[in-house]
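Trainee: next come a sequence and a model predicted from it.
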4 protein chains.
Amino acid sequence: MGNTFGQLFRITTWGESHGGGVGVVVDGCPPRLALTEADIQPELDRRRPGQSSIVTPRKETDTVQILSGTFGGKTLGTPISMWVKNQDMRPDAYSEMATKFRPSHADYTYQAKYGIRNWQGGGRTSARETIGRVAAGAVARKWLRERYGIELVAGVIQVQDIQAHIDPDQLTREAAEANIVRCPDAPTAERMIARIEEMRSVGDSVGGLILGVARGVPVGWGEPVFDRLEADLAKAMLSLPASKGFDIGSGFGGITLTGLQHNDPIRNIDGKVRTTSNRSGGIQGGISNGETIYFRIAFKPVATVMHEQDTIDDEHQNTTLKGRGRHDPCVLPRAVPMVEAMTALVLIDHALRHEAQCGRTAAP
Amino acid sequence: MGNTFGQLFRITTWGESHGGGVGVVVDGCPPRLALTEADIQPELDRRRPGQSSIVTPRKETDTVQILSGTFGGKTLGTPISMWVKNQDMRPDAYSEMATKFRPSHADYTYQAKYGIRNWQGGGRTSARETIGRVAAGAVARKWLRERYGIELVAGVIQVQDIQAHIDPDQLTREAAEANIVRCPDAPTAERMIARIEEMRSVGDSVGGLILGVARGVPVGWGEPVFDRLEADLAKAMLSLPASKGFDIGSGFGGITLTGLQHNDPIRNIDGKVRTTSNRSGGIQGGISNGETIYFRIAFKPVATVMHEQDTIDDEHQNTTLKGRGRHDPCVLPRAVPMVEAMTALVLIDHALRHEAQCGRTAAP
Amino acid sequence: MGNTFGQLFRITTWGESHGGGVGVVVDGCPPRLALTEADIQPELDRRRPGQSSIVTPRKETDTVQILSGTFGGKTLGTPISMWVKNQDMRPDAYSEMATKFRPSHADYTYQAKYGIRNWQGGGRTSARETIGRVAAGAVARKWLRERYGIELVAGVIQVQDIQAHIDPDQLTREAAEANIVRCPDAPTAERMIARIEEMRSVGDSVGGLILGVARGVPVGWGEPVFDRLEADLAKAMLSLPASKGFDIGSGFGGITLTGLQHNDPIRNIDGKVRTTSNRSGGIQGGISNGETIYFRIAFKPVATVMHEQDTIDDEHQNTTLKGRGRHDPCVLPRAVPMVEAMTALVLIDHALRHEAQCGRTAAP
Amino acid sequence: MGNTFGQLFRITTWGESHGGGVGVVVDGCPPRLALTEADIQPELDRRRPGQSSIVTPRKETDTVQILSGTFGGKTLGTPISMWVKNQDMRPDAYSEMATKFRPSHADYTYQAKYGIRNWQGGGRTSARETIGRVAAGAVARKWLRERYGIELVAGVIQVQDIQAHIDPDQLTREAAEANIVRCPDAPTAERMIARIEEMRSVGDSVGGLILGVARGVPVGWGEPVFDRLEADLAKAMLSLPASKGFDIGSGFGGITLTGLQHNDPIRNIDGKVRTTSNRSGGIQGGISNGETIYFRIAFKPVATVMHEQDTIDDEHQNTTLKGRGRHDPCVLPRAVPMVEAMTALVLIDHALRHEAQCGRTAAP
């Protein structure tokens, strides 16, 4: 009962890893936005399995189909239903999981919560669920770009202990997409790729950090006191599989500064209200201030590893289980489009909520 | 339009720093819970100004009054309206803010968003707004304790660079309440207090980390895919004033581990399903697994400092502003009851949502 | 858990007949609307007890106080908290109801649902609960008038079998307010008043019909397929105490016509799109078409009568109960402002929802 | 932005008459309910075109497919996605509607609201949209029957001026399904069928009344003050295409009675709390009282008639339009399963909401 996100641009995702398919219904999309599958597919291609040597080899084209909500290539204002058929399903690969719970997966908690679970490929807990998010996010990002000129981009800035130091104002999609790990710093990217390949070869996995950036967000978006813009971003990011942390602006690093060091002075620069530093991360008091919004998300190492691990079976007897099947040794490369999609979904919802109460905001 | 939190235990807060008062309406509280002001006031006393030498000296008793929703000392199942009258208001102290925006406050963003703001004492952006949250949280925590035996506690674990190393399983309310900074490690607490007093004396401020802990949460709470338990906790914490980051379990620290190192093995221990480590932080796949839930929240240093800083006025002319009035040099001691309150609000909402769809879960 | 109405202009009411008071929190009101108690009080005066010889003599001034959400006489965009203190409470008058359930009241159902109830004056089921609605409705109607020039009016068109035939396009507030029963047809009003007084004298009660009208609603409001404008109006009206039916446009009467007779032809009249009849009642396919919106609400006779009636006590033993205390022999005169308030609340919510998705609509 | 219904059992419908198909996503369904297409299809067959001589001859098998949310024939607790592919589409039949607005249809209001519309077959305003409702309703009604033994049934009780007098306690599905018009009184049904066939032959249409009944609803469902059970039923019914009115229990007819005549006495009958009459229609104060819930819905005559009518074109020039294509001369026979479905959707949502706050209610 938590498969809907957003209040005015409201998406509902559905589908399991092994079943008819996965999809999403978008309600509340503004009408007359030009939209065809060609706007959606490129984003899905970025999250698709089999796209490179460091992601899972599951063979899915993830070809999206728009079933409703458009007419003559434009949105109608009615619900947009999009889906992707599941193709490369291998339920047999998961037969051991019918009775054993994978450690640090959601097998045990789903079983305990619902008293039933689809154990094939992780069922609803599979990352395939995010296809609907990425498809809906592609619609949102197009509207944000066309109506407000907003630019959304994310990149991998850390894999295990390998860090890239990236200025949020300089992060570009081109740089992030220039390599298969989606790290905008090429030399670091090479080391990250090597680490991931090493981990795969020993049947282990790694996690890391993604930097998310939104440029061009107008002043005024965010709905205090609970639906602050950073609160909804935090929720969006922590709703992604394998995410364990979120911070914005100076974040966890900012706590060693004093107030005087941390505050962002405000200046009128060439007629524009700007802050001369941006430790706030583009949001103050829960509301965007026109500066670049940037935040980090921590992803844990993938739970599926090719080693025998202690667990229990469905009768709660101690046993062991060794990972099998096709898995990502690191979720981060494929998580980049998910982070961008969730950012887009948060922003469009807040854009519409702000316009509803306060009218349209001017561009920053 | 974002002043409501929760879906089934739904709170709506209202009020500005300088105005009639601040309050909350709680809708959806289960009936027949014993409840009087005596259940609420102790929590408000923990967040009240003037409670110690390291918090703001504003003189507010913050005496709560329950206006509806109870009868004969028990909840009716109808909305519970609670409020606190504002008393020690000094609008004159804020007159300069009528025309100048405080750096790293929400003055500019509120003005830009709404085209109007109550500049007296920060208006709606004042931490007084959290009174309603703490009052509602006291109701929630009582229900969680009585129905499920859940224990909620938070403590300050870092002030600027001064850290305490606290095991979530060992954190007790007694230890946290034993000193005015609410750090459960006494020697570290002394150093933190000294640092905060030093900062106050130089007109500066500091931030830090709070550790939040929930023990005794049954298996099965959390509503994937968007309303994962950690996602709603993240939102709740990032909705608190001055918070900049959230992580759960191994969090940002966990990313240097490999999957094999990070995974929590599952064991049947004396008939109970347990994990032998708890890097997951008590939540797997968005659903509680019966282990201790623990998370950290980063709070930035307080923005009000007693130094001249660059800013602009309401005609966007460059100017400077020096902080005045009564302020906290560090929000953390008073944020501890807020963190507990928000945790309680997330948990009761998920308890009711889980019971609605899946029925009552047994205690862990 | 059903005390909130609206999605973007969201009101939450609270309070029992006998308790601290009754009130409402409005979240989502557009900022910079001029608003003081003087905008609210006149509407409350129209629903207040003791206003005439045909309503309950309970002595309540129902003086409203705005506690938050305004500054310098204008709305801030933050929650508006308004309340009225209960004054003339006589719990003793209700002591028999502590153990007996009044027939066709909600005593038994509240007790069965919640396992507890405030039996003093009906508790939450008292019509005093509607004070919050009328206060919030006054805010909504002011905005609708100022921004769109919308005129809302309601009048009593039937008491028991005494009918007035009123053209929705001709119904004026002046005519409705010209007499104490609020029937816009003076001669019929006299007969209605006589009937109500007769019923009071014999300790009985009557019901009737109210006609609600909204003029000047722009084309385009309403959110198919579930939140059609008429569906939300129906819900709003059926949420009023004692209401038993709703119809719009031709309503129940329209079913004897054929399609050809019933359809409203569309014409361009002096450059405006109009229908030459209005059996649709101003709404087509769930969306306003620019014509006058009109609908009827059926209210049952008041359940409290001064006669011995069969009922049971709280141990489910058969017994009898005779109405006592201060009651309305007919709810309709006081329900008129409630109908207008609920209409305003539906319309402002749809105005904001429409503007959010589709932008501002031009006036009709 | 109004395509979702329900709070805990939440359905989102999508799809246009001419497009990829129509469908629904159900979120919040309790897990472990046995469910296959065989539970859904029979209800869709009752609303399907071409089922008899008095409905539209459009040839659609309306074969439903469950795409997610079940495993091994049982619900998972995850979203259930169901859809029906559109087959017999004839966009050419609607070409005139590309530029002309059908009177008393939603063509003009959709165009005005969204600035675009799918004019093929009515697009989103087509009754095909209700397929998703009926499919979701079939899931809801199965749960209600299995968990609470609730029986839902509806029947046509009036076509134009031809009335059947039906006692809600006696209405059975068998009787309603015994003839093609779904009127439980056989002789009246014959007259209704003759009238509808007559109307079809002259290219005109008729409306009428449906009686909806729910038996076996436990005491205690309904969420005052806004989400009263009858308020949500009213909204549900007024959200159906062509509906113009709703009343419950004594409804519009009850207003001529006095309070003493109208009240339902309460008695303990063989250990059960009952009312000896049921003018309340099974709901008191917004909460079910254990008696039969019954209500009426008024449907207007179908707007499409085979006669030249005045209208305008998309440049707002006066013109005329004559209905063409395949249409129902009377919506009532096919609306019967829709009424039952919406009733089921309201009841399951209230069942879950009640259980969440107050725990499970015993059967009446």
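Mentor: Looks like it came in fine.

Trainee: what does the model give the residue of the stretch 251-364 of chain A found nearest chain B for pLDDT?
Mentor: Proximity of the stretch 251-364 of chain A to chain B (Cβ to the nearest Cβ) peaks at A:Gly285, 2.1 Å away. Using the backbone N, CA and C atoms, a C-beta is placed for each residue, glycine as well. Looking at A:Gly285, its pLDDT is 97.

Trainee: cool, and A:Thr56?
Mentor: Listed pLDDT for A:Thr56 reads 89.

Trainee: how many residues are close by it?
Mentor: By other Cβ atoms under 10 Å in any protein chain shown, the residues close to A:Thr56 number 20.

Trainee: so which residues on the stretch 101-250 of chain A come close to chain D?
Mentor: Contact residues (Cβ under 8 Å from any Cβ of the partner chain) of the stretch 101-250 of chain A with chain D: A:113-118, A:123-124.

Trainee: what do you get if the cut-off is 10 Å, keeping everything else the same?
Mentor: When proximity is defined by Cβ under 10 Å from any Cβ of the partner chain, the stretch 101-250 of chain A lies next to chain D at A:110, A:113-120, A:123-125, A:129, A:132.

Trainee: low-confidence stretches in chain A?
Mentor: A:361-364 (pLDDT under 70).

Trainee: and the stretch 251-364 of chain A, which residues reach chain D?
Mentor: A:Leu352.

Trainee: could you identify the most distant pair in the residues of the stretch 101-250 of chain A next to chain D?
Mentor: A:Gly115 and A:Gly132 (25.1 Å; Cβ to Cβ).

Trainee: returning to that earlier point: from the residues of the stretch 101-250 of chain A next to chain D, which is closest to A:Ile297?
Mentor: After measuring those against A:Ile297 - Cβ to Cβ - the closest member comes out as A:Glu129, at 17.2 Å.

Trainee: quick check: the residue of chain A found nearest chain C vs A:Leu8, distance?
Mentor: At 3.7 Å from chain C, A:Ala356 is the closest residue in chain A, using Cβ to the nearest Cβ. Separation of A:Ala356 from A:Leu8 (Cβ to Cβ, to the nearest Å): 7 Å.

Trainee: between those two, what contacts are shared?
Mentor: Residues touching both A:Ala356 and A:Leu8 (Cβ atoms under 10 Å, 6 or more residues apart in numbering or on different chains) are C:7-8, C:352-353, C:356-357.

Trainee: can you select the buried ones from these in PyMOL?
Mentor: In PyMOL, this line selects whichever of these come out buried by 16 or more other Cβ atoms under 10 Å in any protein chain shown:
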select buried, chain C and resi 7+8+352+353+356+357
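
Trainee: let me have the shared contacts of A:Ala356 and A:Leu8 in CSV, extended by secondary structure and distance to chain B.
Mentor: Below are the shared contacts of A:Ala356 and A:Leu8 laid out as CSV (DSSP: H, G, I helix; E, B strand; the rest coil; distance: Cβ to the nearest Cβ, whole Å):
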residue, secondary structure, distance to chain B
C:Gln7, coil, 9
C:Leu8, coil, 6
C:Leu352, helix, 9
C:Arg353, helix, 12
C:Ala356, helix, 10
C:Gln357, helix, 15
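
Trainee: do you know how far A:Ser104 is from B:His307?
Mentor: 48 Å.

Trainee: from what I can see A:Ala335 touches A:Thr130, true?
Mentor: Yes - using Cβ atoms under 10 Å, A:Ala335 is in contact with A:Thr130, at 8.5 Å.

Trainee: residues shared between the contacts of those two?
Mentor: A:47, A:240-241, A:342.

Trainee: wait, which of these is closest to chain D?
Mentor: Scanning the shared contacts of A:Ala335 and A:Thr130 for proximity to chain D, where the rule is Cβ to the nearest Cβ, the winner is A:Pro241, at 14.5 Å.

Trainee: what about the shared contacts of A:Ala335 and A:Thr130, which are in helices?
Mentor: Per DSSP state H, helices hold the following members of the shared contacts of A:Ala335 and A:Thr130: A:47, A:342.

Trainee: would you mind listing which of the shared contacts of A:Ala335 and A:Thr130 are buried?
Mentor: A:47, A:240-241, A:342.

Trainee: export these as JSON lines, with columns for distance to B:Gly249.
Mentor: Formatted as JSON lines, these follow (distance: Cβ to Cβ, whole Å):
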{"residue": "A:Arg47", "distance to B:Gly249": "25"}
{"residue": "A:Leu240", "distance to B:Gly249": "15"}
{"residue": "A:Pro241", "distance to B:Gly249": "14"}
{"residue": "A:Met342", "distance to B:Gly249": "20"}
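
Trainee: filter those residues by proximity to chain B?
Mentor: A:240-241, A:342.

Trainee: quick check: closest non-adjacent residue to the residue of chain A closest to chain C.
Mentor: Nearest residue to A:Ala356, sequence neighbours excluded (Cβ to Cβ, 6 or more residues apart in numbering or on different chains): C:Ala356, at 3.7 Å.

Trainee: quick one, what contacts the one you found?
Mentor: The contact partners of C:Ala356, by Cβ under 10 Å, 6+ apart, come to A:7-9, A:28, A:30, A:349, A:351-357, C:7-8, D:1.

Trainee: what segments of chain A are helices?
Mentor: A:37-47, A:107-114, A:130-148, A:173-177, A:186-201, A:229-238, A:259-262, A:332-358.

Trainee: looking at those helices, which is buried most?
Mentor: With neighbours defined as mean count of other Cβ atoms under 10 Å in any protein chain shown, those peak in mean count at helix A:229-238, which reaches a mean of 30.

Trainee: is that helix positioned near chain B?
Mentor: Yes - applying Cβ under 10 Å from any Cβ, one finds helix A:229-238 touching chain B at A:229-238.

Trainee: now swap in stretch A:265-281 and tell me
Mentor: Yes - applying Cβ under 10 Å from any Cβ, one finds stretch A:265-281 touching chain B at A:265-269, A:271-277, A:279-281.

Trainee: and stretch A:141-154, by the same measure?
Mentor: No - Stretch A:141-154 stays clear of chain B (Cβ under 10 Å from any Cβ), getting no nearer than 15.0 Å.

Trainee: could you dump that stretch to CSV, C-alpha only?
Mentor: The C-alpha trace of stretch A:141-154 is given here as CSV (Å, rounded to 0.1, in the frame of the first residue of the first chain):
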residue,chain,number,x,y,z
ARG,A,141,12.1,15.7,-16.7
LYS,A,142,10.9,16.6,-20.2
TRP,A,143,8.3,18.9,-18.7
LEU,A,144,10.8,20.5,-16.3
ARG,A,145,13.2,21.1,-19.1
GLU,A,146,10.6,22.6,-21.5
ARG,A,147,8.7,24.7,-19.0
TYR,A,148,11.5,25.8,-16.7
GLY,A,149,14.8,24.9,-18.4
ILE,A,150,15.8,22.7,-15.5
GLU,A,151,18.8,20.4,-16.0
LEU,A,152,19.0,17.2,-14.0
VAL,A,153,22.1,15.1,-13.9
ALA,A,154,23.7,12.5,-11.6
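
Trainee: for the closest residue to A:Gly21 other than its chain neighbours, list the residues it contacts.
Mentor: Residue nearest to A:Gly21 in three dimensions, not counting chain neighbours: A:Lys85, with 4.4 Å by Cβ to Cβ, 6+ apart. With contacts defined as Cβ under 10 Å, 6+ apart, the neighbours of A:Lys85 are A:15, A:20-23, A:60-65, D:67.

Trainee: from the stretch 51-200 of chain A, which residue is nearest to chain B?
Mentor: Closest point on the stretch 51-200 of chain A to chain B, by Cβ to the nearest Cβ, is A:Ala106, at 2.1 Å.
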